[in-house]
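Student: how would this look folded up:
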Amino acid sequence: MTFDRLTPGDEAGIAEMSAMAVAIVREHFDPIIGKAQNDYMLSLFQTPEAIRDQLDRGYRYYFAREGGRNMGFLAFYPREGAMYLSKFYLYREERGKGFARPMMDFVIKHARREGLPSVELNVNRNNSAVKVYESLGFHVAREEKNDIGSGFFMDDYVFRLDL
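Tutor: Presented below is the predicted three-dimensional model:
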C-alpha cells in the first residue's frame, strides 16, 4: 500500500479527493446518520473548498493506493498534544481485507516522528468502524455530543491509541 500526499495546489487531486470522499461517506454514513445530516456534513467537510481550507490549516490528506488504484484516503494533523485522525476511509469493497492496519501504521509513524504520545479520533457511536478501531488497539477516552449547526449533532466516542 502506498500513500500519496495531497498538496494545496493540486486542484485535480483536490477534486478527486472530494469525489472519492463523497462516494465513500455517502455509502457508509447515510444509513447511520441519515441522508440529510450526511449531506450537510459533506457540504461542511468534503467539498473541494472545504478540503482546500483544511489543507491550508495543516491537515495532511493522503490517497491510500494499492497497485496504483485508490483504495481509500486518510487525513490527520497534530492537535492538543496528539495526532488527530480526521479521516480514515476505505471503499466498501476494500473493507475487511487488512488495509486498515497499514493505514493506521502510517499515521502512527507520523505521530511518533513528531514525538506525539497518542493518536485520537472521533467516531459515531453507531458506526461499525468502532470494532475496527478497537481491534487496532484504540480505547474510548471520552464521549462527545457536538452541535454542528442546522439542528444536527455529532454523537461520538473519542478513541485514543496510546503509543
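Student: Every contact and neighbour count from this point should use C-alpha atoms.
Tutor: Fine.
Student: what about whichever helix in the chain runs longest, average pLDDT?
Tutor: Secondary structure of the chain per DSSP state H: the longest helix is helix 11-33. Across helix 11-33, pLDDT averages out at 96.
Student: tilt between the helix or strand just after it and helix 11-33?
Tutor: Next along the chain after helix 11-33, taking DSSP states H and E as the criterion, comes helix 35-45. Relative orientation of helix 35-45 versus helix 11-33 (axes from the mean of the first three to the mean of the last three Cα atoms, to 10 degrees): 150 degrees.
Student: Can you tell me what sits against helix 35-45?
Tutor: Residues outside helix 35-45 that contact it (Cα atoms under 8 Å, 6 or more residues apart in numbering) are 22, 25-26, 29-30, 50-51, 152.
Student: Give the buried residues for it.
Tutor: Buried residues in helix 35-45, counted by 16 or more other Cα atoms under 10 Å: 37-39, 41-42, 45.
Student: Also stretch 88-96?
Tutor: Buried-residue list, stretch 88-96, by 16+ other Cα under 10 Å: 88-91.
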